[in-house]
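S.K.: Only the shape, not the letters, is given here:
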C-alpha cells in the first residue's frame, strides 16, 4: 500500500486490470476504486537497433510477407552495404525487416549486431623451471633482450632458472642478430628479496653460431 499525503492507495489486479482503491479523511470513510492504466514496457532490443549491414547479397522486397517474391527494381544490396531500419528491432526479429527509405529485406541476409564470441581474458603469466647447461661457465641476465643492455644478475652451470610463460609458451624475443632471449622470473630464480625492479630480466638462450641452448628442460 502506498500513501500520498493523507490518502491511502492500495492496488490489486481484477480480470487483468489494475484497480487502485483510494481512501481519505476527506472522503469520510468512502472508498473510490479507479482503474489504473498500466505503463507498457518496451520489448528487448538487439545490439544494433537502428541499422544493419548486408552480410550476403540480397534483393529488396515490396512487402513484409516472406512468401511474396515481388522485389523493387534495380535494388539489389551488396555485401557490406549499411541499411537504416525503419524501426528498432524487437527481441525476436521478423523474417523480413523494413528499411529506409522503403522496402523490406530478409533478416537472414543482414548482420544486425548478433552477439559474438566472448573475448578470452588475457592468460596469466606463469613461470617454469629450467637448468643452465653444465658447460656454461657464466651468463648475464640483462634488463632488455639484447647485448649491451644493463646486466642485473648472472647464472652459471647447473643453476636453476625460472622462465616465464603465457599459455604454456615460453616468453621469448629474437633480436636483430637472430639471438633468442627468454624472460627470467628474477624473484623465483634469485629469491624474493632480490630487490630488482622490474622483477623480470632476459637471458640469452640461443646464439646463431652455437646449436646448443643455454637452458635445458627440467630441474634436477
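M.R.: Alright, I've got the coordinates. It should be emphasised that the depicted structure is a prediction, and the values quoted were computed from it without experimental measurement. Numbers count the residues shown, from 1 in each chain.

S.K.: What helices and strands are in contact with the stretch of helix or strand residue 162 belongs to?
M.R.: Here residue 162 sits within strand 160-166, counting by DSSP states H and E. Applying 3 or more C-beta pairs under 8 Å, 6 or more residues apart in numbering; DSSP states H and E, we find strand 160-166 packed against strand 125-132, strand 180-185, helix 186-190, strand 200-206. Heads up, the C-betas are built off the backbone N, CA and C, glycines and all.

S.K.: Just the residues contacting it, thanks.
M.R.: For strand 160-166, the external contacting residues (C-beta atoms under 8 Å, 6 or more residues apart in numbering) are 123, 125-132, 155, 170-171, 182-185, 188-189, 200, 203, 215, 219.

S.K.: again, only using 10 Å
M.R.: If you take C-beta atoms under 10 Å, 6 or more residues apart in numbering as the criterion, strand 160-166 is touched by 122-132, 139, 141, 155, 170-172, 182-190, 200, 202-203, 205, 214-215, 218-220.

S.K.: Pull out the buried members of these.
M.R.: 127-132, 139, 141, 155, 170-172, 182-190, 200, 202-203, 205, 214-215 (16 or more other C-beta atoms under 10 Å).

S.K.: now residue 209: how far from residue 181?
M.R.: 16 Å (C-beta to C-beta, to the nearest Å).

S.K.: Show me what the host helix or strand of residue 105 packs onto, helices and strands only.
M.R.: Here residue 105 sits within strand 104-106, counting by DSSP H and E. The contact analysis (3 or more C-beta pairs under 10 Å, 6 or more residues apart in numbering; DSSP states H and E) places strand 104-106 against strand 96-98.

S.K.: Strand partners (parallel or antiparallel) of the strand it packs on?
M.R.: Strand 96-98 has the following strand partners under DSSP bridges: strand 104-106 (antiparallel).
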